[in-house]
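Undergrad: What follows is a predicted protein model with its sequence.
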Amino acid sequence: MEARKIVDAVKDAVTGHTVPGAPGSGTPEIAEPTAPHDPLPPKPDQGSPEQRTATGATDGDRTQQGAHLTTSTGTRLRDTDHSLKAGPRGPVLLQDHHFREKMMHFDHERIPERVVHARGSSAHGTFTAYGTAEAITRAGFLKKDVETQVFVRFSTVLGSRGSADTVRDTRGFAVKFYTDEGNFDLVGNNIPVFFIQDAIKFPDIIHAAKPHPDREIPQAQSAHDTFWDFVSLHTEAQHHTIWNMSDRGIPRSYRTMEGFGVHTFRLVNAEGGTVLVKFHWKPKLGTHGLVWEEAQLISGVDPDFHRRDLYDAIEAGAYPEWELGVQVFEDTPDETFAGIDLLDPTKIVPEELAEVQPIGRLVLNRNPTNFFAESEQVAFHLGNLPPGIDVTNDPLLQGRLFSYLDTQLTRLGGPNFNHIPVNRPHAPVNDMLRDGFHQHAVHAGVAPYRPNSLDGGNPFTDPVDGFEDLPVRVAEAPKIRANPVSFNDHFSQVRLFWLSMSPVEKEHIVNAYTFELAKCYEQAVKERQLQCLANIDPDLCAQVAAGLGLPAPAAQVEPAEVTPSPALSMIDGVYPPDGRIVGIVVGPDGADGAGTVREAVFAAGMLPLIIAPSGGKAGGLDVQRTFATARSVEFDAILVAESVAPGADALPVRDAKAAASGSLTVDPRLLLLVEEAWRHAKPVGAWGGGASVLQQAGIEKTPGVFVADSGTEAFGTLQGLIGAHRVWDRFPATLV
């Protein structure tokens with residue numbers, strides 16, 4: 001019977017004064033209902049709360065309402081500065097319900113932070129599909145020109161919520177697609193492999209990498225004994241570790257960071273055909289990192305560097321952009337490709353063997369309105385899958401399918417975390433899940449079970465367009481706690497990564513291993529990790545051993561014969577300058593051409609910041625940074641228009657950056673600014689009186705340092721340099 005007819009029958013019965021107590025608003029039939037229809041309305045005697053938001057609005061506005069201060073239930077308040085007392089000097093009265101509510105809520109403002117990925121930043125955006133994936137998946141959001149709203153959260157893994165952004169660590173790259181077929185959460189990292197092959201080891205790697213439990217130090221870093229003790233013993237972690245020791249471990253910006261789905265997924269097309277895929281996010285601005293000293297300085301100068309960069313870029317209209325692509329593999333019974341086990345999350349498939357095929361474009365164009373409500377309360381789950389995308393038997397992925405739901409129960413106070421606005425799907429929901437903490441839905445009907453007839457059979461399953469658990473054949477085998485033999489190679493792909501690096505990237509990897517291991521206390525831990533490096537590459541091991549003052553051990557396994565993958569190197573071309581920050585140094589009265597250069601930088605999609613001896617204005621230009629507040633690490637390039645004499649505040653007792661003042665004719669803080677930028681391989685240019693600054697800094701006529709006849713010419717030269725991110729020719733590498 002159709003829903004409308006069922007309701008009409010009830011109405012006739014009601015007007016006929018039938019006996020009350022009918023369980024639902026419909027009259028059930030003997031046969032189980034099979035024709036899908038919408039949920040039945042409430043019974044005529046029932047009502048629901050008005051459809052209002054948590055702030056009392058009827059139009060979907062979730063922000064505060066009205067001009068007056070109220071209680072949480074909307075009663076206006078005359079005073080919130082004084083508790084209710086028995087006389088002006090008497091005790092506070094127990095009946096002060098406003099004080100009780102205000103303090104109760106304040107006392108419970110915090111929720112448990114995430115065990116991992118606690119330090120995060122987020123943004124809203126849109127994903128537009130190219131349609132190139134339609135042949136391999138029936139997922140509706142990947143059809144041509146379909147636009148889907150997304151929420152993206154970037155994060156570090158190890159640090160607490162209050163840790164610094166620019167630590168050496170893996171970054172999370174989690175995307176929630178609000179598709180019209182339900183939410184799809186692609187929860188990945190900026191590194192395509194993981195430390196472990198089986199999720200049962202996840203507590204071990206995190207316990208090892210987190211601060212030592214006795215002292216709760218060091219915070220947000222891996223340069224300590226327990227981390228290196230674990231990865232040197234558990235050698236499947238060596239591949240992820242070398243990625244962390246590379247410049248991938250200290251990205252320049254979330255905007256210049258690749259993302260990976262890590263695992264192999266199975267896609268299903270409209271005809272039921274399947275393929276295996278790996279997901280890749282490719283940033284429009286290229287993949288760039290910080291140099292180590294720069295990252296250390298930033299951690300002190302601006303611990304919020306990455307989140308500030310993300311928010312400022314979006315506010316300035318330099319919207320971060322990535323292309324989503326897939327590597328596609330035949331869905332064979334052995335689930336391997338070119339001898340690589342696709343279920344091993346510690347392995348990659350080099351892009352030279354399987355190209356990344358673009359399937360859509362992601363643009364982040366809106367910052368969150370409230371950090372806690374959105375970035376902190378967003379809940380991701382790898383089991384949020386639309387029809388057309390399915391999981392594989394990757395043992396790490398299988399464990400994550402359990403863990404991600406489990407962790408939300410404590411963090412978000414119960415099972416109804418998908419009712420939080422940032423988690424709500426943009427598709428109709430009829431889930432038969434009931435009650436629990438923070439239930440926001442007001443469910444009608446009396447039969448949240450299937451099959452039923454009291455609610456007319458609603459909700460109905462969808463055998464055509466619903467999510468399908470594919471009948472993948474599981475091979476007959478005994479129950480064992482073991483990995484496949486194909487998981488046993490722990491070194492060949494680590495060697496592949498090392499040999500794929502450019503000379504300067506190899507130098508940085510050697511420095512990272514040396515720094516991290518030098519921070520370890522136990523000699524045995526250092527020697528054991530050196531043995532792992534010897535099994536990867538003898539030159540890498542020798543270089544690190546020399547830095548540690550230890551002998552380089554011989555390899556215990558023969559280094560593998562591998563073909564380098566150029567796609568793994570980050571130094572690979574010229575990219576758009578969108579959102580790059582250019583510091584323009586002027587004197588107290590400004591400088592000729594500085595205003596013109598400032599406008600040209602804006603026009604090129606970059607952000608110019610005027611740096612002057614003091615704040616206020618300089619020659620009519622607003623000053624954003626002074627010599628006291630500026631530090632080279634926040635700029636991608638420096639242009640000097642004037643030579644500025646030491647300022648009145650260039651006193652070592654007041655500003656340590658002025659310690660080298662002496663008899664200098666240039667403010668020592670300006671010299672430090674350009675020297676640091678030079679040391680970090682950034683373009684440095686000058687025109688007019690600024691040329692003498694480069695000369696006194698001793699950096700003139702070195703690669704990437706230039707003097708122009710005008711500001712316009714200087715900016716033209718700068719544009720030719722900044723797209724490569726850094727001037728690596730300035731420091732020739734010793735490794736090949």
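TA: Yes, it's here. Residues are numbered from 1 along each chain as shown.

Undergrad: Can you name the next helix or strand after the lowest-mean-pLDDT helix or strand in the chain?
TA: Least confident helix or strand, the chain: helix 3-15 with a mean of 44, by mean pLDDT, DSSP states H and E. Remark: after helix 3-15, the chain's next helix or strand is helix 97-107, criterion DSSP states H and E.

Undergrad: Which positions in the helix or strand following that next one come out as buried?
TA: Next along the chain after helix 97-107, taking DSSP H and E as the criterion, comes strand 120-129. Neighbour-count burial for strand 120-129, counted by 16 or more other C-beta atoms under 10 Å, picks out Gly120, Ser121, Ser122, Ala123, His124, Gly125, Phe127, Thr128, Ala129. For every residue, glycine as well, the C-beta is placed using N, CA and C.

Undergrad: who touches stretch 249-259?
TA: With contacts defined as C-beta atoms under 8 Å, 6 or more residues apart in numbering, stretch 249-259 is touched by 121, 154, 166-171, 173, 175, 188-190, 243, 248, 280-283, 285-290, 292, 295, 306, 309-310, 313, 320, 322, 512, 579, 725.

Undergrad: Now intersect these with the helices, please.
TA: Trp243, Trp292, Ala295, His306, Asp309, Leu310, Ala313, Ala512 (DSSP state H).

Undergrad: So which of these wins on neighbours?
TA: Using other C-beta atoms under 10 Å as the neighbour test, these are led by His306, with 26 neighbours.

Undergrad: Could I get the pLDDT score of it?
TA: At His306, the model reports a pLDDT of 98.

Undergrad: wait, it sits on Phe154?
TA: Yes: in this structure, His306 is within contact of Phe154 by C-beta atoms under 8 Å, at 7.3 Å.

Undergrad: Give me the common contacts of those two.
TA: Ser121, Tyr254.

Undergrad: Can you get me a residue count around the closest residue in space to Leu69 that isn't next to it in sequence?
TA: Excluding the flanking residues, the one nearest Leu69 by C-beta to C-beta, 6 or more residues apart in numbering is Leu77, at 4.9 Å. When neighbours are counted by other C-beta under 10 Å, Leu77 registers 11.

Undergrad: Next: the one 5 residues further on.
TA: Burial measure for His82: 10 neighbouring residues, criterion other C-beta under 10 Å.

Undergrad: From Lys43, how far off is the most centrally placed residue in the chain?
TA: What sits nearest the mean C-alpha location of the chain, by C-alpha atoms, centre = their mean, is Phe154, with 1.4 Å. Per C-beta to C-beta, to the nearest Å, Phe154 is found 48 Å from Lys43.

Undergrad: ok, now Gly583?
TA: 69 Å.

Undergrad: Which residue of these two possesses the greater neighbour count?
TA: Set side by side, Gly583 and Lys43 show more neighbours around Gly583, with 26 against 19, by other C-beta under 10 Å.

Undergrad: what are the phi and psi values for that one?
TA: phi -90, psi 130 (degrees, to the nearest 10).

Undergrad: Also Gly720?
TA: Torsion angles, degrees, to the nearest 10, at Gly720: phi -70, psi -10.

Undergrad: so how many other residues sit close to it?
TA: 11.

Undergrad: contacting residues for Asn190?
TA: Thr170, Arg171, Gly172, Phe173, Arg248, Pro251, Met257, Glu258, Gly259, Phe260.

Undergrad: Much appreciated, bye for now.
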